[in-house]
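# I'd like to go over a predicted model; first the sequence, then the structure.
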Amino acid sequence: MNVFTSFSSSLDTKTGTAYGLIRIFLGIALTIRGWLILSNPESIIDLGVNRELFVWVSIIGISHVFGGLLLGFGFLTRLSALIQIPILFSATFFVHAHLKLMMGGQSIELAALVLFLLCVFFTFGAGSLSITEFMENKKK
């Protein structure tokens, strides 16, 4: 039990690293989602988005690719989160609104989780393991 306690308390001092890893994962996931949207825009149309909004699908894909890269690297984190918040808000409350909880595929739970995380990163910034932190430490 003593080994577990010492291991646990050593991890307690690394919460900034955990925050950074979550940001990196979210950035990678958004980049992949954007790439998938750009390579197969019909997938968004299949979710119930009107064909008249097809040009917006490309904008969403590009926003996810570049915003996800910026978020993953921790550079202009607040701006990249801010750009994607309206997209995820729309996905959560309009595109997936007809779905029930705990359904397979593109679920409202995942869209809401990503929206929440983007709001967290917009509010609190990049944290550790970021280009922003590296640049700030280099100035000192």
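Yep, it's here. Bear in mind the structure is a predicted one, so any value in this text is a computation, not a measurement.
# what's the lengthiest helix in the chain packed up against?
Among the elements of type helix in the chain, defined by DSSP state H, the one spanning the most residues is helix 15-39. In terms of contacts (3 or more CB pairs under 8 Å, 6 or more residues apart in numbering; DSSP states H and E), helix 15-39 is packed against helix 42-46, helix 54-73, helix 108-124. For every residue, glycine as well, the C-beta is placed using N, CA and C.
# change it to 6 Å
Counting by 3 or more CB pairs under 6 Å, 6 or more residues apart in numbering; DSSP states H and E, the packing neighbours recorded for helix 15-39 are helix 54-73.
# Let me see the residues that make contact with the helix it packs on.
For helix 54-73, the surrounding residues in contact (CB atoms under 6 Å, 6 or more residues apart in numbering) are 24, 27-28, 30-31, 33-35, 37-38, 41, 44, 76-77, 80, 83-84, 87, 131.
# Next, the angle from the next helix or strand after it to helix 15-39.
Proceeding C-terminally, helix 54-73 gives way to helix 77-90 as the next helix or strand, assigned by DSSP states H and E. Relative orientation of helix 77-90 and helix 15-39, computed by axes from the mean of the first three to the mean of the last three CA atoms, to 10 degrees: 60 degrees.
# tell me which residues in helix 77-90 are buried?
Burial within helix 77-90, assessed by neighbour count using 16 or more other CB atoms under 10 Å, is assigned to 77-78, 80-81, 83-85, 87-88, 90.
# what does stretch 130-140 give?
Of the residues in stretch 130-140, those buried under the neighbour-count criterion (16+ other CB under 10 Å) are 130, 132-133.
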